[in-house]
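> Predicted model and sequence below, questions to follow.
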Amino acid sequence: MSRAWTIIAIALGASACGGPAPKADVQPTETPISTPKPAAEPGEPEAAAPEDPPEDGAEPAEPDEPKLTPAQEAGLDRLAEGRRAVADGEFETAAERFNAALSADPQLADAQYNLGVLAEWRGDKRAARREYDAALSINSEFEPAVTAIANMMLRTKDLNGALAYTQQQLARKPQSLGLRNAVNRVQLQFAGRGAQVIADTKKILREDEKNVPAMLNLAAAYDQQGKHELAIAILGNAKALEPHNPEIRARAALAHQALGENLRARMVLEEAVALPGGATAEVHNNLGLVYHAAGDYQGAAEQFEFALARWPD
């Protein structure tokens, strides 16, 4: 594999070899998210009807009220439509749908965040920051927006600024697992802090065993320590919970590449770019480098164009 592949792998913030964590040159660009509607667990049995009639002639209990209001339902519908428009490459339509989601439900932080993602993709950093801040004004514990703002700082090599920002957000909500994840994500950019991140992330996972951002941090920390197989196993668990999250595959590809499993790394990157909405700029760029090394220059050029569409800078 070419040396350029390793350089870009480091740029994603996870080392391709053992030893101290490298200082990142760039951070993954964000991808739109969509909040699913609440649903029963798969296979959950329906509540059984009472065997005996209610005592004293009382009327049967009314079913629980719907969890969502019509406005909230409409907001989530428009949010899902916007996400599908992103997957189809119709970014203007996506922005319209995300704005419509906010009109229906002004408390839908996901839609505000997604508008920030689209602004960042078109290179408008000020608008992106404004949208991310607006998402946080809706939900001060909205970790994706905090991470996005920190990533913007990390891309300009402002590691101390990114850490101070995430720590400031956590200080306001010290019990927030999401904000702890945001701090830990930045901590991984500093050499020698992997053990600290692992210890705190394990505590987070004891409180919430399905916390995917924590799994990503844990996998990245183990990857930096050279424990690539363990990182891949953790990422496999994360993928089962969030199959459409491109960062999971991006980090898995780095771990496979570190093990010398270059074909597997390529396959994982190809899975990532085939996800609805594509992947991050770095994922497309890494796959382009793989194709270039294999002599597939047309395929490489296509991936580089996708990368530029995700991050014009």
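Everything's here; your move. All values reported here derive from a predicted model rather than from experimental measurement. Numbers count the residues shown, from 1 in each chain.
> Mind naming the longest helix for this protein?
Scanning the chain for the longest helix, with DSSP state H as the assignment, gives helix 70-87.
> Which residues belonging to it are considered buried?
Judged by neighbour count (16 or more other C-beta atoms under 10 Å), helix 70-87 contains these buried residues: 72, 74-76, 78-86. For the C-beta atoms, the positions are set from N, CA and C on the backbone; glycine is no exception.
> what helices or strands is it leaning on?
Applying 3 or more C-beta pairs under 8 Å, 6 or more residues apart in numbering; DSSP states H and E, we find helix 70-87 packed against helix 91-104, helix 109-121.
> circling back: can you say which two of the buried residues of helix 70-87 are spatially most distant?
Maximum pairwise distance among the buried residues of helix 70-87 (C-beta to C-beta): 21.2 Å, between Gln72 and Val86.
> show me what contacts Cys306?
You called it Cys, but residue 306 is Phe. Going by C-beta atoms under 8 Å, 6 or more residues apart in numbering, Phe306 touches Val273, Gly278, Ala281, His284.
> Apologies, that question was intended for Ala300.
Contacts of Ala300 by C-beta under 8 Å, 6+ apart are Gly288, Leu289, Tyr291, His292.
> Tell me the secondary structure of the last one, please.
Under DSSP: H, G, I helix; E, B strand; the rest coil, the three-state class of His292 is helix.
> Skipping adjacent residues, who's closest to it in space?
In space, and not counting its chain neighbours, His292 is closest to Ala300: 3.9 Å by C-beta to C-beta, 6 or more residues apart in numbering.
> got it, and Ile232?
Ala255 (4.9 Å).
> Settle this for me: that neighbour is touching Gly226, isn't it.
No - Ala255 lies out of contact with Gly226 (C-beta atoms under 8 Å); the separation is 10.1 Å.
> Which of the two has more residues huddled nearby?
Legend: neighbour count by other C-beta atoms under 10 Å for Ala255 and Gly226, higher for Ala255 (29 against 14).
> and that one, what is it in contact with?
Contacts of Ala255 by C-beta under 8 Å, 6+ apart are Ala14, Ala219, Asp223, His228, Glu229, Ala231, Ile232, Leu235.
> and what of Val268?
Val268 touches Arg249, Ala252, Ala253, His256, counting by C-beta under 8 Å, 6+ apart.
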